[in-house]
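[1] need coordinates for the below:
(chains A, B, C, D and E, ligands or ions: 4)
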Amino acid sequence: ADKVNVLLDWFINPDHGPLIVAQQQGYFAEQDLEVSMVEPADPSMPPKLVAAGKADMAISYQPQLHQQIDEGLPLVRVGTLVATPLNSLVVLKDGPIKSITDLKGRKVGYSVSGFEDAMLRAMLEKHGLSLDDIELVNVNWSLSPSLISGQVDAVIGAFRNFELNQMDIEGHPGRAFFVEEEGVPAYDELILVINAKHRGDARYARFMTALEKATQFIVNHPDQAWQSFVSYKPDELNTELNKRAWADTLSRFALRPAALDSARYQRFGAFMQRQGLTKAAPAVDTYATTP
Amino acid sequence: MAAIARPLCIALGLTLLWQCIVWVTGAPKFILPGPGLVIDALLDQLPLLLRHAGVTLAEILLGLTFGVILGLFSALSLITWGGLRRWLMPVLVISQAIPVFALAPVLMLWLGYGMASKIAMATLIIYFPVTAACFDGLRRTPTNYLKLARTLGASWQAQLIQIRLPAALPAFGSGLRVAASVAPIGAVVGEWVGSSTGLGYLMLNANARMQVDLMFAALLVLALIAVSLYFLIDWLARLLVPWQSDTLNTPLSGSGRNR
Amino acid sequence: MAAIARPLCIALGLTLLWQCIVWVTGAPKFILPGPGLVIDALLDQLPLLLRHAGVTLAEILLGLTFGVILGLFSALSLITWGGLRRWLMPVLVISQAIPVFALAPVLMLWLGYGMASKIAMATLIIYFPVTAACFDGLRRTPTNYLKLARTLGASWQAQLIQIRLPAALPAFGSGLRVAASVAPIGAVVGEWVGSSTGLGYLMLNANARMQVDLMFAALLVLALIAVSLYFLIDWLARLLVPWQSDTLNTPLSGSGRNR
Amino acid sequence: MDIRLENASLHWQQHCVFSGLNLELPAGQWTSILGQSGVGKSSLLQLLCGIADDADVSGTILCSDGRPLSGRVAWMAQDDLLLPWLSVLDNVLLCARLSRDRVSTEQREYGHYLLAQVGLGAKADVLPKQLSGGQRQRAALARTLFQDRPLVCMDEPFSALDAINRLRLQDLAAQLLADRSVLMITHDPLEALRLSDRVLVLQGSPARLSRPILPLGATPRSVRDGPLLQQQGELLALLAGEVA
Amino acid sequence: MDIRLENASLHWQQHCVFSGLNLELPAGQWTSILGQSGVGKSSLLQLLCGIADDADVSGTILCSDGRPLSGRVAWMAQDDLLLPWLSVLDNVLLCARLSRDRVSTEQREYGHYLLAQVGLGAKADVLPKQLSGGQRQRAALARTLFQDRPLVCMDEPFSALDAINRLRLQDLAAQLLADRSVLMITHDPLEALRLSDRVLVLQGSPARLSRPILPLGATPRSVRDGPLLQQQGELLALLAGEVA
Ligand SMILES: Nc1ncnc2c1ncn2[C@@H]1O[C@H](COP(=O)(O)OP(=O)(O)OP(=O)(O)O)[C@@H](O)[C@H]1O
Ligand SMILES: Nc1ncnc2c1ncn2[C@@H]1O[C@H](COP(=O)(O)OP(=O)(O)OP(=O)(O)O)[C@@H](O)[C@H]1O
Ligand SMILES: [Mg+2]
Ligand SMILES: [Mg+2]
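    Numbering: from 1, shown residues only, chains lettered A, B, ... in the order given. Ligands and ions are numbered 1, 2, ... in the order given. This is a model prediction of the structure:
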């Protein structure tokens, strides 16, 4: 069997559903693939390691991909795991902020991703505000705690399928402003990247086939798929939060993981350039492909 | 009796303090869960915790071993070659000043995501305090001992091993103690940067999932490991220098023990 | 002359080594950029780097001050009250064993995302090595000095301040050195956990944006701060104990300096 | 103030140095103890000064005024115990520095005076590590003389001095300690006979004290004194007896 | 092997201890140096042993066999310098332990023999901190005697011993060092005259050596020796002269 070494972006969570299910249901094995997965804690590491040839495939984010390409990392996107943004601006449901305009003079927490200020700027612009009207505070790993405890009035970088449920479980329900509705072009939240020199490697086509099959299985049999997902690490994955997040993530998995919408990438690349996050917006086929 | 009662009392006292902090500050349970919750989680997830604790313990012990050996060796080299020292000391300090986190990607690149990189990390963190302490001890050998050794015709190796080293053992002991207390941090930080096992991984993972009680349970286990390690090393360090007078229990006045 | 030439040579040597590592391992520039790239970034972004470095430096210095004062004070308390010691020492070790990272969120929530929480973090990291080293030094006072002090009718304060403390100064110096070398880590870790200024933040941000050259430039500045700090403290620690014989430069043979 | 040590015993771990020992230190008198090396002289001194921490001790110390002795003894150890971080003068003034009050100008002047008397006037401000062995001992002697205590215990206070300095400092000590009770350990029979009102020999294992030899006349005596030389013979015989 | 120190000078920082000093140590003879405390005796010894590290020294040491002296001197310091982590026996064997080879059984037995000779047979296995002052000095003496060196330098080797032990150990040293060159510093004129072939006095500042006093007859001499007592007077006068 061909070995594929996948670096996740973060600890295993429902966002990785198709990967885990494909592993557990044996779809990878069906494709004669032997897949191993590693969970890092720093999402910026996996693409670098793939670019350095230390791993075959990594999970990354589309905005980051544009920056990575801009910095010269030899990466190519070969698949999509989650095809819509998950990122959102979250506030307390019963808090003072009812619309983006209410953010004026408030503190906004973020977890450094390198992309948060661009996103916020676009969202604020739409409502006639600028970054100078708010105070940005890096709260790193404490997005929901800092919001609940009142250290900040809103957080950007919260995942709608995750942080919202988290807050709800803690008894402080939140409200999300979806970035794609507030002036940020739609993008793929989770993508799969490989080293550019492996472009066209047949293994990845088989990989995407397995992934597609897993996604179909998830959509068709959500409860069975949940069981399958949890069976990967029963001690750690079977939690209330994961269960809720699972339900909210189902609809967001890319049904055609291999499919590539060039125009969408083009549009988002231009947005990144406009925001000053990248110096150039190269042609899409230089950094994204179907396997 | 007291040997068992004291740790128990301390544990109880700390638990109480903890509970009081929770009560007084009204910290919500996703920030600082009370001891009850944490102990629940601890008992619930004991097998999971023990499995991960085993990995971390192994990393700590290996890191400690390598760090101490390397540190001792470096200190000996530094003291031996005056030239080397003047050039190497700043390098060592710089190496220490670079947060291991920053080195982590490079380490990962070379050593991969396995145990090796975590041990390397713990070693790196332990290395400097041991080196600094030993070096400090070695350079403070009473001059007269060295003069004596010279008239006795001791080679530099003999001076180093038989005079400077024993004279530096108390300082080495201090270094060991600090090393023992930072070793767990080294291993955990290593696991944070990249790993799928170990208490560090478990903590970060639990933290990300808002299972703060599990995270604190892992923290508890880690603290237990750290404390045991420290007192073990402390005891060893004391054994190392039987000739050293410990004036801890010297009375402030009075005249000796009475039969 | 040598005072300037040596650091320069070391810097050059390290740069060369760095470049060689890059060449030999063929590490791509997004993992380990060569010195040329980093220096470019350094010069390019100097104002930005200096602004953030100022914040970090302030945090380090304040953390160092508080940590050392607290550590010294704790060591003195521990040595003074035997009862306290037996109960508090394990608590201290536990406190040290808990990675500051784990405490960081709690600290942030109490102290806010401003400077205070970073200083608290640096203080926490520095606290234990200083306490341990001082305590170790204090308990190793030669018994005879204490006996003498007793016959001289010294109160316990006087014994502590005038006998034990000076006798422990060399050990305190070691503690200071270790503190100086971990202080930057404390501040940077604090900034990682939550902050929008400082070199730690800058590194995190640059890392997220794949601006690895900027990240390493920040690292360079941090290393510079750390090294300066270390040698400053080293010099101060040496000033502290003028009576201490430093046998670093004791010849292995031969008969004194010749005029 | 008379001081009586009664039924004293001292053990280092298993080793019994002495037991059931009685010692009398009459008020204002100078008592010297001689004895073989290792017989227990220093241990006895430490017992009296209340600093035999690691030994198992028993016995009672009675002062004629009924108050406890502790805090009223000056101890000069066998090794000089100069604190390496203090200048020679500060070492001499240690007693004053360790007390709550500031060191007064008179005390400082008295310290200088003592240093000049022991021949270290020029070394007041140097650190102890710059002194020769005999100079260190003289500084320690000055420190002991600086203390103003009813009982002064000195452990071989002149052992590292040359003959001339030794005589000078003996005279100085005799003069400054004239109205104190003094207990001195020495290996020099002449020194003991020259300065003491009572000379005792500690011998045997467990050690016991001999009956006192009582030299006559005012101290310090001349070394050419006839009866003194005769008593020296007696003392040497007593000392030699223990090895016979 | 004759040893000549020529035109030696030694400064501690600014302070000139001696300069232009010449010293002759004839082969196989026992030379003693007396002198006031602080005059520079120990410094001179350190200069000879090549360990005056912090001092500024100059001068040449000439050995009659043309080879350098370093490595052929045994040094017994003024303080005992026993290593606290080694047992008494190991301290005595230090010279052997520091050499490359393992300590042989004969060496160990010789160490035991020496310890028995200095009266520490029972203390071979204890740590130095359990010894009395005189016992420490005896252990240091045993260590020096254990070394087998052509020149033996001893700095007040018997100062902490009682009269009886002192005589015994003087005899022991005289016997064991019979064919060596010995340089001894002492404050006891009788001791110097009893053991030495040449007695010198170091005096003044900067210090200079007096002409030697040459006691006659085989060493160790009896202390009741007539000419010896007469030379003692001469020596004392010489010593006193320096303070006059
Ligand atoms: N390490 C040192 N640094 C500075 N000065 C020193 C040092 N050692 C000795 N001296 C000075 O040098 C002079 C000679 O000292 P030395 O030890 O040689 O005297 P000594 O003749 O052996 O005296 P003693 O009989 O008291 O031992 C003294 O005045 C002393 O103060
Ligand atoms: N700290 C100690 N621990 C164990 N034994 C000790 C200790 N100090 C002294 N001794 C033993 O107690 C005995 C008496 O020692 P002490 O110091 O009183 O002798 P001393 O009469 O003063 O001899 P010296 O004239 O050599 O100074 C010795 O045999 C010694 O070995
Ligand atoms: Mg004694
Ligand atoms: Mg001397």
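
[2] give me the three-state assignment for D:L200.
    Here D:L200 is recorded as strand under DSSP: H, G, I helix; E, B strand; the rest coil.

[3] and the pLDDT at it?
    Listed pLDDT for D:L200 reads 93.

[4] tell me who's in contact with it.
    For D:L200, the contact set (Cβ atoms under 8 Å, 6 or more residues apart in numbering or on different chains) comprises D:23, D:31-34, D:209-210, D:212-213. Using the backbone N, CA and C atoms, a C-beta is placed for each residue, glycine as well.

[5] who wins on neighbours among the residues you listed?
    D:L34 (29 neighbours; other Cβ atoms under 10 Å in any protein chain shown).

[6] so it, which of the three states?
    Criterion first, three-state DSSP; result for D:L34: strand.

[7] follow-up on the earlier one: tell me the one of the contacts of D:L200 nearest chain E?
    D:L34 (6.8 Å; Cβ to the nearest Cβ).

[8] give me the distance between the closest one and E:L120.
    20 Å (Cβ to Cβ, to the nearest Å).

[9] quick check, pLDDT for the nearest residue to A:Q275 once chain neighbours are set aside.
    Nearest residue to A:Q275 in three dimensions, chain neighbours excluded: A:A118, at 3.8 Å (Cβ to Cβ, 6 or more residues apart in numbering or on different chains). pLDDT recorded at A:A118 is 84.

[10] A:A118 and chain B: what is the separation?
    24 Å (Cβ to the nearest Cβ, to the nearest Å).

[11] tell me the buried residues in the host helix or strand of that residue?
    Per DSSP states H and E, A:A118 falls inside helix A:116-126. By neighbour count with 16 or more other Cβ atoms under 10 Å in any protein chain shown, helix A:116-126 contains the buried residues A:116-124.

[12] what do you get for stretch B:76-95?
    B:76, B:78-80, B:85, B:88-90, B:92-95.

[13] look at the residue of chain A found nearest chain E and say how many residues are nearby.
    In chain A, the residue that lies nearest chain E is A:A41 (46.6 Å; Cβ to the nearest Cβ). By other Cβ under 10 Å, the residues close to A:A41 number 20.

[14] for the chain, which segments count as strands?
    No chain was given, so I picked chain A. Secondary structure of chain A (DSSP state E): strands at A:2-7, A:33-38, A:57-60, A:75-82, A:87-92, A:107-110, A:135-138, A:154-159, A:174-178, A:190-195.

[15] ah, no, chain D please
    D:3-12, D:15-25, D:30-35, D:56-63, D:73-76, D:151-155, D:181-185, D:198-203, D:208-209.

[16] the inter-axis angle of the first one versus strand D:15-25?
    With axes from the mean of the first three to the mean of the last three Cα atoms, to 10 degrees defining the directions, strand D:3-12 sits at 170 degrees from strand D:15-25.

[17] partners of strand D:3-12 in the sheet?
    Using DSSP bridges, strand D:3-12 pairs in its sheet with strand D:15-25 (antiparallel), strand D:56-63 (antiparallel).

[18] and of the contacts of D:L200, the nearest to B:V182?
    D:I33 (54.1 Å; Cβ to Cβ).

[19] wait, B:T151 sits on E:W75?
    Yes. Contact criterion Cβ atoms under 8 Å: B:T151 and E:W75 qualify, at 4.0 Å.

[20] in chain D, which residue is closest to the centre?
    D:M154 (1.4 Å; Cα atoms, centre = their mean).

[21] among the strands of chain D, which is nearest C:T65?
    strand D:73-76 (40.5 Å).

[22] what about the closest one, near chain B?
    No. Applying Cβ under 8 Å from any Cβ of the partner chain, one finds strand D:73-76 out of contact with chain B, separated by at least 10.7 Å.

[23] can that strand be said to contact ligand 3?
    No. Using Cβ under 5 Å from the ion, strand D:73-76 never reaches ligand 3; the gap is at least 11.7 Å.

[24] what's that strand packed up against?
    Where contact means 3 or more Cβ pairs under 8 Å, 6 or more residues apart in numbering or on different chains; DSSP states H and E, strand D:73-76 is packed against helix C:143-151, helix D:41-49, helix D:133-146, strand D:151-155.
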